[in-house]
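Novice: 3D, please:
(one chain, ligands or ions: 3)
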Amino acid sequence: MPSLFARLYAACIVFTVLVSIACPAVGEDEAAALPLEDRIAEAEQAFEEAVEAERRRLDTNIDLKLARAIKLANRRQDAAKANALQAQLDRYRKDQTLPDADEVRSSIKSYRVKLQQAGDLLLAVYNEAKDVYTEQGDGRELGRIQTKMKWLRPTTGLDLVEYEGHHYLLVMKKVLWSQAFKACEELGGYLVCLNSGKERRFVHQLRGENPRTIWLGATDRQTEGKWVWLDGTDKYWVWDTDEPNDSLNNEDFGSLLPDGRMNDLPDRGTGSRIHTPEGYVCEWEVLPTRETFYRPGASTESVP
Ligand SMILES: [Ca+2]
Ligand SMILES: [Ca+2]
Ligand SMILES: [Ca+2]
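Specialist: Residues are numbered from 1 along each chain as shown. Ligands and ions are numbered 1, 2, ... in the order given. You can find the predicted model right below:
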């Protein structure tokens, strides 16, 4: 005769087996049992919080470190340096343009790394959702997730900068002109089009202290010698001496040289360092989406 305990034990085993057949998720990671939409929302919130926290940390660091550097420059009676640092600090406070002073370089670097990490976590959830929606053949949700993924990219590794109502993104990556063209288009913008001396100087300076050649949204591939910007304008050109020269009858794409003048190049560049662009700038006249776009430091604010 089995003891009461043994009978209870057997009943427990039967019950457990039945439950595990009926509800296989019991006992597994609870998070995995949350509906996908909830997990996406959770991950987005965590990302926004991380972005905000990192931006606050960066604000504090930039304030402290630049103030200290300005004090030091004043003590050394280096007015030029003090003024330059003050201008960077003022600009940062005004429109969050990141300073390029050595004193804050490590803070900015660590901010970018943290943002990248937060973005990677969110991206992992998006990727999973993408797989699920693909499998389900849910085109609408898939499209939404893909838009979110596109917009997440520029906010994690790099900074979008606003200038005179347009937005710009510098991407330092050695790619063909055609790839840069496509990358900007995929983000809902276009390869940067320079319409004035002010805009050219802005883009020139966006490259920092040690500017490298970058691609511009200018081409004469439609009609040889007839240069146009991708935004449809054809007025503003500051070519380098003897450019555009269509060297080897094969230069149909615009680049911005380190000195801020323009040169025409083949799609791949020529192979020499100065004539092989190492990055590009995307430009937006109007940002195409509000709800899914996270701008560092402005995660809850709507983007025009
Ligand atoms: Ca422009
Ligand atoms: Ca040409
Ligand atoms: Ca040329």
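Novice: for ligand 2, what's its nearest residue on the stretch 51-200 of the chain.
Specialist: Residue nearest to ligand 2 within the stretch 51-200 of the chain: residue 177 (11.9 Å; CB to the ion). C-beta coordinates here come from the backbone N, C-alpha and C atoms, glycine included.
Novice: show me what contacts the spatially closest residue to that residue that is not a sequence neighbour?
Specialist: Distance criterion CB to CB, 6 or more residues apart in numbering; nearest residue to residue 177, sequence neighbours excluded, is residue 253 at 3.9 Å. When contacts are counted by CB atoms under 8 Å, 6 or more residues apart in numbering, residue 253 touches 177, 215, 218-219, 221, 264-267.
Novice: switch these over to TSV; also include pLDDT and neighbour count.
Specialist: Below are those laid out as TSV (pLDDT from 0 to 100; neighbours: other CB atoms under 10 Å):
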residue	pLDDT	neighbour count
177	97	25
215	98	28
218	98	27
219	98	20
221	96	13
264	98	22
265	98	24
266	98	19
267	97	18
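Novice: at the contact with ligand 2, which residues of this protein appear?
Specialist: By CB under 5 Å from the ion, the residues of the chain that approach ligand 2 are 220, 246, 251-252.
Novice: from the chain's centre, how far out does stretch 40-57 sit?
Specialist: On the basis of CA atoms, centre = their mean, to the nearest Å, stretch 40-57 is displaced by 16 Å from the centre of the chain it belongs to.
Novice: buried ones in it?
Specialist: Buried residues in stretch 40-57, counted by 16 or more other CB atoms under 10 Å: 40, 43-44, 47, 50-51, 54-55.
Novice: repeat that for stretch 198-205.
Specialist: 199-200, 202-204.
Novice: need the contacts of residue 253 in a markdown table (columns: secondary structure).
Specialist: What follows is those, written out as a markdown table (DSSP: H, G, I helix; E, B strand; the rest coil):
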| residue | secondary structure |
| --- | --- |
| 177 | helix |
| 215 | strand |
| 218 | strand |
| 219 | strand |
| 221 | coil |
| 264 | strand |
| 265 | strand |
| 266 | coil |
| 267 | coil |
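Novice: and the residues you listed near ligand 3, which?
Specialist: residue 264.
Novice: domains in the chain, by residue range?
Specialist: 4-33, 34-157, 161-295 (automatic domain parsing).
Novice: quick check: which of the ones you listed is nearest to ligand 1?
Specialist: domain 161-295 (4.3 Å).
Novice: is there proximity between the closest one and ligand 1?
Specialist: Yes - counting by CB under 5 Å from the ion, ligand 1 has neighbours in domain 161-295: 193, 195.
Novice: all strands of this protein, in order?
Specialist: Assigned by DSSP state E, the chain shows strands spanning 160-163, 166-171, 190-191, 214-219, 228-229, 253-256, 262-265, 280-284.
Novice: quick one on the thing from earlier: which of the domains of the chain has the lowest average pLDDT?
Specialist: In terms of average pLDDT, domain 4-33 trails the rest of those, at a mean of 52.
Novice: that older thread, from ligand 3, how far off is the residue nearest to residue 177?
Specialist: Note on residue 253: its distance to ligand 3, by CB to the ion, to the nearest Å, is 10 Å.
Novice: and what of residue 257?
Specialist: 10 Å.
Novice: and that residue, what does it touch?
Specialist: Going by CB under 8 Å, 6+ apart, residue 257 touches 213, 240, 263, 274.
Novice: which of those residues has the most neighbours?
Specialist: residue 263 (24 neighbours; other CB atoms under 10 Å).
Novice: so that residue bridges to which residues?
Specialist: Following DSSP bridges, residue 263 is listed with bridge partners residue 255.
Novice: enumerate every residue touching it.
Specialist: Contacts of residue 263 (CB under 8 Å, 6+ apart): 213, 239-240, 243-244, 254-255, 257, 275.
Novice: between these, which is closest to ligand 2?
Specialist: Looking across the contacts of residue 263 and measuring by CB to the ion, the closest to ligand 2 is residue 244, at 6.2 Å.
Novice: wouldn't that closest one be in contact with residue 218 here?
Specialist: No - Residue 244 is beyond contact range of residue 218, at 9.1 Å (criterion: CB atoms under 8 Å).
Novice: which neighbours do these two share?
Specialist: 227, 254, 262.
Novice: let me know the closest of those to residue 87.
Specialist: Nearest to residue 87 among the shared contacts of residue 244 and residue 218 is residue 262, at 27.8 Å by CB to CB.
Novice: can you count the residues close to the closest one?
Specialist: Around residue 262 there are 21 residues (other CB under 10 Å).
Novice: not counting its neighbours along the chain, what's nearest it?
Specialist: residue 239 (5.0 Å).
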